[in-house]
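**Student:** Sequence plus the predicted model coming up.
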Amino acid sequence: MAAAGQCVQLQPMVIMDKSRITDILLWLCDQGLTGLKEPELLAGFCEKCTEIGLPVARAMVLIDTLHPEFEGRVFRWDKVEEFNPIVEYGSSSEGEAQRNWQDSVFYHLLEVGADEMRIPLATDDLPPFNMIPALKEQGHVDFIAMVHRFTERGRVGEMDCVYSSWSTRSQDGFSDSDLAVLRLLMPTLALAIKSASCVRIIETLAEVYLGQDAGEQVIGGRIARGAAERIEAVIWFSDLYNYTSIAERARPEDIIPFLNDYAETVITAIEECGGSVLKLIGDGVLAIFTAEQRELACAAALDAEKLLRQRLVEQNRQREMEGGPVTDVYLGLHIGEVFYGNIGSRSRLDFTVVGPAVNEATRISALCRSVDRTLILSSEFVGACPQDRQRDLVSLGRFALKGVSRAKELFTLDRERP
């Protein structure tokens, strides 16, 4: 106790400037509206927090998504260490991923219905959550995890909340005022993260269900009925050999995996060679190849066909070893003018190609069964091919195609040529 007459000098409490806190809120709103991506949102937010005295040393934000290959994304920031700011995680419903999720502080918060948990790390009595020991070893002193939930109206698929965690290496940990500021700022950051993730979901869904080029055009605003352009394109139409017979013999639960295996092979071959898949029709695939020079579009389609055949050999070998049914792919290739755009009713549109050239491609593909060939090309396609590719093509003769007024000369690939 100080003697009478002596002054005691107290350490002043650091009170953050309210105007600077407001500046961060306005920055989050502005960047959320302008479409800043999630990693940049988190990094900018953390840097601005440290500037006003909030001693954040590491931050992590998780949000689920809608994607055929993974469940969600983790966004990370560290004041000192460098690491990948984005981690995409797969399903957490089974195996090691499920065990890791159930060992996390976020799972515990959901189980007990709490919104946050603070864990002082400068103690030996730490809870058994999977990320906590590593943070302590790396010199972190204080930790807080938060969950910001959406309502049923605000969720998108499994994306029903934003998870976040914050830690500091400051000797005194987070003060009460630090946590008060973080609680004030975090809902706006969560809203900005959700906004950016929803834009990403829209882009993903458009690409997955419409194809990359068509998806980009729809996202770009081409959604008016009848909005279509006349383009020249190579039309690819393929389907599976003997699919109906295989489906009748196979167990119902085996049909979808069978279709998925072969669809993956066909679609990846098309896309890797620059084509755009527009539609899956049962076991059939409709795609187009476009280029400034029609010769390049034809060459790309032939490259895709070659890549497809190479992969089918290995795929069928693997499926035979596993005792599964195998098949081949019938393919028709044609080139011509098509209308590319929105076709349908006011309430249900399809972004695709239509026109006589599309019908001819489907007729040519269907003829594969009759002439026992896996590839048939129209004379228009052959005439547009580069000269060095034409040497590998041989005529099958003239054929009448249903719905086409004149008989067409059709070609195939000479498989005997080296």
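**Tutor:** Nice, I can see it.
**Student:** Number of residues surrounding Gly95?
**Tutor:** 10 (other Cβ atoms under 10 Å). Where C-beta positions appear, they are placed from N, C-alpha and C, glycine not excepted.
**Student:** just Ser165 next, same as before
**Tutor:** The tally of other residues near Ser165 (other Cβ under 10 Å) stands at 22.
**Student:** again, but for the one 5 residues further on
**Tutor:** When neighbours are defined as other Cβ under 10 Å, Ser170 has 16 of them.
**Student:** Check the one 3 residues further on too.
**Tutor:** A total of 20 residues lie near Gly173 under the criterion other Cβ under 10 Å.
**Student:** That one belongs to a helix?
**Tutor:** No: according to DSSP: H, G, I helix; E, B strand; the rest coil, the state of Gly173 is coil, so it is not within a helix.
**Student:** quick one: it from Tyr163, how far?
**Tutor:** Plainly put, Gly173 is 21 Å away from Tyr163 if you go by Cβ to Cβ, to the nearest Å.
**Student:** which parts of stretch 288-306 are buried?
**Tutor:** By neighbour count with 16 or more other Cβ atoms under 10 Å, stretch 288-306 contains the buried residues 288-290, 294, 296-305.
**Student:** from those, which is closest to Phe106?
**Tutor:** Checking the buried residues of stretch 288-306 against Phe106 with Cβ to Cβ, the nearest one is Ala304 at 43.5 Å.
**Student:** and the closest one, what does it touch?
**Tutor:** The contact partners of Ala304, by Cβ atoms under 8 Å, 6 or more residues apart in numbering, come to Trp236, Ala269, Ile270, Glu272, Cys273, Gly275, Phe289.
**Student:** Surely the last one and Asp303 touch.
**Tutor:** In this case it means Phe289. No: look at Phe289 against Asp303 with Cβ atoms under 8 Å: they stay out of range, at 9.5 Å.
**Student:** Would you map out the domains in the protein?
**Tutor:** The record assigns the chain these domain ranges, following automatic domain parsing: 18-209, 222-413.
**Student:** Could you export those to JSON lines, including columns for mean pLDDT?
**Tutor:** Written out in JSON lines, the entries for these read as follows (pLDDT from 0 to 100):
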{"stretch": "domain 18-209", "mean pLDDT": "94"}
{"stretch": "domain 222-413", "mean pLDDT": "93"}
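**Student:** looking at those domains, which is closest to Glu216?
**Tutor:** Counting by Cβ to Cβ, and looking across all of the domains of the chain, nearest comes domain 18-209 at 7.5 Å.
**Student:** downstream neighbour of the strand or helix carrying Leu302 in the secondary structure list?
**Tutor:** When secondary structure is defined by DSSP states H and E, Leu302 falls within helix 294-321. Counting by DSSP H and E, the next helix or strand C-terminal to helix 294-321 is strand 329-344.
**Student:** Among the contacts of Ala304, name the ones in helices.
**Tutor:** Among the contacts of Ala304, the members falling in helices (DSSP state H) are Ala269, Ile270, Glu272.
**Student:** would CSV of those with neighbour count and distance to Ser92 be doable?
**Tutor:** Conversion of these to CSV gives the following (neighbours: other Cβ atoms under 10 Å; distance: Cβ to Cβ, whole Å):
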residue, neighbour count, distance to Ser92
Ala269, 23, 32
Ile270, 25, 32
Glu272, 13, 30
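**Student:** Which member of the residues you listed is positioned nearest His108?
**Tutor:** Where those are concerned, and distances follow Cβ to Cβ, His108 has its nearest neighbour in Glu272, at 43.6 Å.
**Student:** ok, that closest one - contacts?
**Tutor:** When contacts are counted by Cβ under 8 Å, 6+ apart, Glu272 touches Ala304, Leu307.
**Student:** 194 is where my numbering starts, stick with that
**Tutor:** Got it, the first residue is 194 from now on, which makes the last one we talked about Glu465.
**Student:** Phi, psi for the spatially closest residue to Asp447 that is not a sequence neighbour please.
**Tutor:** Leaving aside its sequence neighbours, Asp447 sits nearest to Gly517 (Cβ to Cβ, 6 or more residues apart in numbering; 7.4 Å). The phi and psi values for Gly517, taken as degrees, to the nearest 10, are phi -100, psi 160.
**Student:** isn't Gly517 right up against Ile448?
**Tutor:** No: the pair Gly517 and Ile448 does not pass the contact test of Cβ under 8 Å, sitting 11.4 Å apart.
**Student:** Is it possible to get JSON lines of the ones in helices among the contacts of Ala497 that adds distance to Asn453?
**Tutor:** Converted to JSON lines, those look like this (distance: Cβ to Cβ, whole Å):
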{"residue": "Ala462", "distance to Asn453": "15"}
{"residue": "Ile463", "distance to Asn453": "16"}
{"residue": "Glu465", "distance to Asn453": "18"}
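**Student:** re earlier: of all pairs in the contacts of Ala497, which one is the farthest apart?
**Tutor:** Of all the pairs that the contacts of Ala497 form, the one spanning the most space (Cβ to Cβ) is Trp429 and Glu465, at 13.5 Å.
**Student:** Once you drop chain neighbours, what's closest to Thr458?
**Tutor:** Distances taken as Cβ to Cβ, 6+ apart place Arg504 nearest to Thr458, at 5.0 Å, with adjacent residues excluded.
**Student:** now do Ala577
**Tutor:** Excluding the flanking residues, the one nearest Ala577 by Cβ to Cβ, 6+ apart is Arg487, at 4.6 Å.
**Student:** Kindly tell me how buried Ala443 is, as a neighbour count.
**Tutor:** Using other Cβ under 10 Å as the criterion, Ala443 is surrounded by 14 other residues.
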